[in-house]
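*Asks:* The sequence isn't on hand, but the structure is:
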């Protein structure tokens with residue numbers, strides 16, 4: 001009868017507290033995270049990959065990496081951006097594998113074009129990474145309930161209805177949390193010199 005009590009306790013823990021247990025080798029804590037977030041991870045992967053089978057594989061790989069990399073998770077950081085970052089990177093890797101094509105040897109124009117594209121991609125990725133870092137920093141100052149819904153929308157790409165279903169909360173409550181959170185987030189981002197309306 002001890003196991004059900006442990007399950008109840010795990011359900012009450014925050015994602016961040018569960019990650020402390022995962023880092024200590026607690027597979028039940030990982031299972032709890034999976035139960036909470038596998039659907040959201042699948043939704044993001046399906047949006048990015050537009051195919052069910054690879055999206056399902058990304059879900060499994062995401063939680064495998066969470067298990068393997070638990071020791072690298074920073075205890076004072078929010079779990080959802082970290083998790084969705086793993087998912088997003090896996091999806092990008094999969095998309096790159098699909099698009100790999102050899103460049104014809106001696107085709108100078110095409111080689112220059114590819115190199116230019118790669119440079120632009122690097123620059124864009126750098127800007128995007130910095131913007132995400134600032135947004136994550138601003139999110140950390142929001143109340144927990146507002147931060148969670150915005151993270152699910154921004155990092156997970158979930159709709160308001162999907163967030164309501166995911167958190168088992170009324171849609172009106174979710175809309176209110178998002179509206180209040182975005183108002184505070186916009187002020188914080190303006191402090192960093194980012195216009196939230198542009199993103």
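*Replies:* Done, it's in. Just so it is clear, the structure is predicted and the values come from calculations on it, not from any experiment.
*Asks:* Name the nearest residue to the residue nearest the centre of the chain, ignoring sequence neighbours.
*Replies:* With distances taken as CA atoms, centre = their mean, the residue of the chain nearest its centroid is residue 84 (1.7 Å). Excluding the flanking residues, the one nearest residue 84 by CB to CB, 6 or more residues apart in numbering is residue 155, at 3.7 Å. Yep, even glycine has a C-beta here, placed from its N, CA and C like the rest.
*Asks:* Kindly provide the distance from that neighbour to residue 190.
*Replies:* As judged by CB to CB, to the nearest Å, residue 155 and residue 190 stand 21 Å apart.
*Asks:* who has more neighbours, the two?
*Replies:* residue 155 (23 against 12; other CB atoms under 10 Å).
*Asks:* which residues touch the more buried one?
*Replies:* By CB atoms under 8 Å, 6 or more residues apart in numbering, residue 155 lies in contact with 44, 80, 81, 84, 85, 88.
*Asks:* Let me know the helix or strand that the last one is in.
*Replies:* Residue 88 is part of helix 79-99, with elements assigned from DSSP states H and E.
*Asks:* hmm, who's touching that helix?
*Replies:* 14-16, 18-19, 33, 37, 40-41, 44-45, 48-49, 54, 58-59, 61-62, 65-66, 69, 73, 132, 136, 139, 148, 151-152, 155-156.
*Asks:* The residue nearest to residue 154 when sequence neighbours are not counted: how many residues sit nearby?
*Replies:* Distances taken as CB to CB, 6+ apart place residue 135 nearest to residue 154, at 7.1 Å, with adjacent residues excluded. Number of residues near residue 135 (other CB under 10 Å) recorded here: 22.
*Asks:* three-state assignment of residue 135?
*Replies:* Under DSSP: H, G, I helix; E, B strand; the rest coil, residue 135 falls in the helix class.
*Asks:* just to revisit the earlier point, from the contacts of residue 155, pick the one nearest residue 177.
*Replies:* Distance to residue 177 across the contacts of residue 155 (CB to CB) is lowest for residue 80, with 14.3 Å.
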